[in-house]
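Asks: build me a structure from this.
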Amino acid sequence: MKIIADLHIHSKYSRATSREMDVPNIVRWAKYKGIGLMATGDFTHPLWLQELKRYLKPVGYGFYEYAGVNFFLNVEVCNIYNKNGRTRRIHNLIFAPGFDVVDRINLKISRYGNLFSDGRPILSLDSEDLVKIVLDISEDCMIIPAHAWTPHFSVFGSNSGFNSLEECFGEERRNVHSIETGLSSDPKMNWRLSGLDEITLISNSDAHSPGNLGREVNVFNIDSSLVKTDLYREVMRIIKTKDKNKFLYTVEFFPEEGKYHFDGHRVCNVGLHPKESISNKDFCKKCGRKLTIGVLHRIEELADRDEDFIPENSIGYKNIIPLAEIIAEALNLGRGTISVEREYLDMVNRIGPEFDIMINISEQELLRKIQPKIAEGIIKTRRGEVRIEPGYDGVYGKISIDWAEKETDRVQEQLVLL
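Replies: Predicted structure coming up:
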């Protein structure tokens, strides 16, 4: 049974997060997207934890359900500490198999930070010690470095990270089995580091609003009996062992759309490919200040392989543009407009969830059921026929569809033949 999983989101109790990020709205949008497994996010926040305990009902060991969508209990924490003469700022995901374990984790880590302050609490705690503390409470927990390449708050970040997982986690490296690639990198970029060959690459939305759920996800093949009884252990096993037979692929942003893909200086509207910033000694060519070094540059620094290398045990991926963005571009409207939302809801209610529309439904069926321009946009996205303007220094990139006129004519001809 195919399960689509988004394992990193935030609740309404996190900073800069929509007030609509509550359980009912998360479930409603998960169904629009076709996501069957969600992470709760923010389980350290006392008020959110109360809501989770009120809404979620236990299904099997380690997982819960609300209105037909399953949930894992998790949180993203911000570890800020000094190590090897530098201040480190790293975000880590923690997964726990039950509310009893969550309560014990919260009690323990509350010594290192104020859990009421934010859904993603700041902890004065070394990442290595975090792993020890959490796994001492339950061996069925898992710790995964979040958005591993972003400059400011990640394990490989250019501003405060490390050059390897071993350097960050020390002896506890043996208990770190996965990293989250983040919106600004994709698996192909991570394949360039041989030190990550045994690491499972996961991709999640890190959503702060319901509409952004599923902008990156993981697709698992789970035995139907386990979906009803032992989903938590099975997903954790797949991630720990990098089981290619069960981990089918990830669905990814085009990494250039991430807001830290290129180097840059937002104040000056300067975004640069690493080769150009290196030639300028990593300084802004307009104001002369230091650039924010992006993910692509950081990977170039640490890579020991060429760009086209594919490891034998790699798990595949697909790049997509969110359906709402395609609709907005096809209709020449803003993504947040009522007309775009109305068209989106009509499509998912009439045809099926977003991921079916974007990945599974045939081109012929798309052309029969969807406005020609929108169908063309979906088909072009599948083929990678897009125009790319990379993001930098906190500015999201822009991925637009290459609306070649000859392709529009071809789609119109196909539509006439149907």
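Asks: Gly36 is in contact with Asn70, isn't it?
Replies: Yes: using C-beta atoms under 8 Å, Gly36 makes contact with Asn70 at a distance of 6.2 Å. Every residue, glycine included, has its C-beta placed from N, CA and C.
Asks: now do the strands in the stretch 1-150 of the chain.
Replies: Using DSSP state E, counting those that start in this stretch, the strands found in the stretch 1-150 of the chain span residues 2-6, 37-39, 57-60, 63-66, 69-83, 86-96, 122-123, 142-145.
Asks: pull out the buried positions in the fifth one.
Replies: Spelled out, that is strand 69-83. For strand 69-83, a neighbour-count test (16 or more other C-beta atoms under 10 Å) marks 69-81, 83 as buried.
Asks: of all those, which comes closest to Ile109?
Replies: The shortest gap between Ile109 and any of the buried residues of strand 69-83 belongs to Val77, at 7.3 Å (C-beta to C-beta).
Asks: that closest one reaches Ser110, doesn't it?
Replies: No: Val77 is beyond contact range of Ser110, at 11.5 Å (criterion: C-beta under 8 Å).
Asks: tabulate the strands of the stretch 1-150 of the chain (TSV), appending mean pLDDT and distance to Lys244.
Replies: Formatted as TSV, those follow (pLDDT from 0 to 100; distance: least, C-beta to C-beta, whole Å):
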stretch	mean pLDDT	distance to Lys244
strand 2-6	98	15
strand 37-39	98	19
strand 57-60	96	25
strand 63-66	98	23
strand 69-83	98	21
strand 86-96	98	21
strand 122-123	98	34
strand 142-145	98	18
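Asks: and the buried residues of strand 69-83, which is closest to Asn159?
Replies: Distances from Asn159 to these, taken as C-beta to C-beta, are shortest for Ile80 (12.3 Å).
Asks: list the contacts of that closest one.
Replies: Thr87, Arg88, Arg89, Ile122, Leu123, Ser124 (C-beta atoms under 8 Å, 6 or more residues apart in numbering).
Asks: in a markdown table: those residues, plus distance to Asp206 and neighbour count.
Replies: Shown next, in a markdown table, are these (distance: C-beta to C-beta, whole Å; neighbours: other C-beta atoms under 10 Å):
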| residue | distance to Asp206 | neighbour count |
| --- | --- | --- |
| Thr87 | 23 | 10 |
| Arg88 | 20 | 20 |
| Arg89 | 16 | 18 |
| Ile122 | 17 | 16 |
| Leu123 | 18 | 23 |
| Ser124 | 23 | 11 |
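Asks: hang on, the earlier thing: for the strands of the stretch 1-150 of the chain, which one sits closest to Ile357?
Replies: Using C-beta to C-beta as the measure, strand 2-6 is the one of those that comes nearest Ile357, at 13.1 Å.
Asks: tell me the confidence at the residue nearest to Glu171 when sequence neighbours are not counted?
Replies: Of all residues beyond its chain neighbours, the one nearest Glu171 is Glu128 (7.1 Å), with distances taken as C-beta to C-beta, 6 or more residues apart in numbering. Glu128 is assigned 98 on the pLDDT scale.
Asks: any low-confidence regions in this structure?
Replies: Along the chain, segments meeting pLDDT under 70 span 405-418.
Asks: got the domain ranges for it?
Replies: 2-257, 321-417 (automatic domain parsing).
Asks: from Asn25, how far off is Lys290?
Replies: As judged by C-beta to C-beta, to the nearest Å, Lys290 and Asn25 stand 40 Å apart.
Asks: what does Gly195 give?
Replies: Using C-beta to C-beta, we find Gly195 at a distance of 40 Å from Asn25.
Asks: likewise Arg15?
Replies: Distance, Arg15 to Asn25, using C-beta to C-beta: 18 Å.
Asks: may I see the domains of the chain arranged in TSV, with distance to Gly264 as well?
Replies: Converted to TSV, the domains of the chain look like this (distance: least, C-beta to C-beta, whole Å):
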stretch	distance to Gly264
domain 2-257	10
domain 321-417	3
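Asks: now, the most widely separated pair of the contacts of Ile80?
Replies: Thr87 and Leu123 (13.8 Å).
Asks: how about the contacts made by the nearest residue to Leu115 once chain neighbours are set aside?
Replies: The shortest distance from Leu115 to any non-neighbouring residue, by C-beta to C-beta, 6+ apart, is to Thr44 (4.7 Å). By C-beta under 8 Å, 6+ apart, the contact list for Thr44 reads Val75, Val77, Ile105, Asn106, Ile109, Leu115, Gly119, Pro121.
Asks: residue contacts, the third one?
Replies: Think Ile105. Residues in contact with Ile105, defined by C-beta under 8 Å, 6+ apart, are Thr44, Ile94, Ala96, Ile133, Val134, Ile137, Cys141.
Asks: please redo it, this time with the cut-off set to 10 Å
Replies: 43-44, 73, 75, 77, 94, 96, 130, 133-134, 137-138, 141 (C-beta atoms under 10 Å, 6 or more residues apart in numbering).
Asks: quick check: of the residues you listed, which lies closest to Ile4?
Replies: In terms of C-beta to C-beta, no member of these lies closer to Ile4 than Leu73, at 18.7 Å.
Asks: wait, isn't that closest one in contact with Ser138?
Replies: No: the pair Leu73 / Ser138 is not scored as a contact, 11.2 Å apart, by C-beta atoms under 10 Å.
Asks: overlap in contacts of the two?
Replies: Shared contacts of Leu73 and Ser138 (C-beta under 10 Å, 6+ apart): Gly62, Ala96, Pro97, Gly98, Val101, Val102, Ile105.
Asks: intersection of neighbour lists for Thr87 and Leu123?
Replies: Common contacts of Thr87 and Leu123, defined by C-beta under 10 Å, 6+ apart, comprise Ile80, Tyr81.
Asks: pull the most distant pair out of the buried residues of strand 69-83.
Replies: Within the buried residues of strand 69-83, Val69 and Lys83 form the most distant pair, 38.8 Å apart (C-beta to C-beta).
Asks: ranges for the strands of the stretch 301-418 of the chain?
Replies: For the stretch 301-418 of the chain, strands defined by DSSP E, counting those that start in this stretch occupy the ranges 316-319, 386-389, 398-401.
Asks: for those strands, which one ends up most surrounded?
Replies: Ranked by mean neighbour count, the strands of the stretch 301-418 of the chain are led by strand 398-401 with a mean of 18 (mean count of other C-beta atoms under 10 Å).
Asks: show me what it packs onto, helices and strands only.
Replies: helix 323-331, helix 372-383, strand 386-389 (3 or more C-beta pairs under 10 Å, 6 or more residues apart in numbering; DSSP states H and E).
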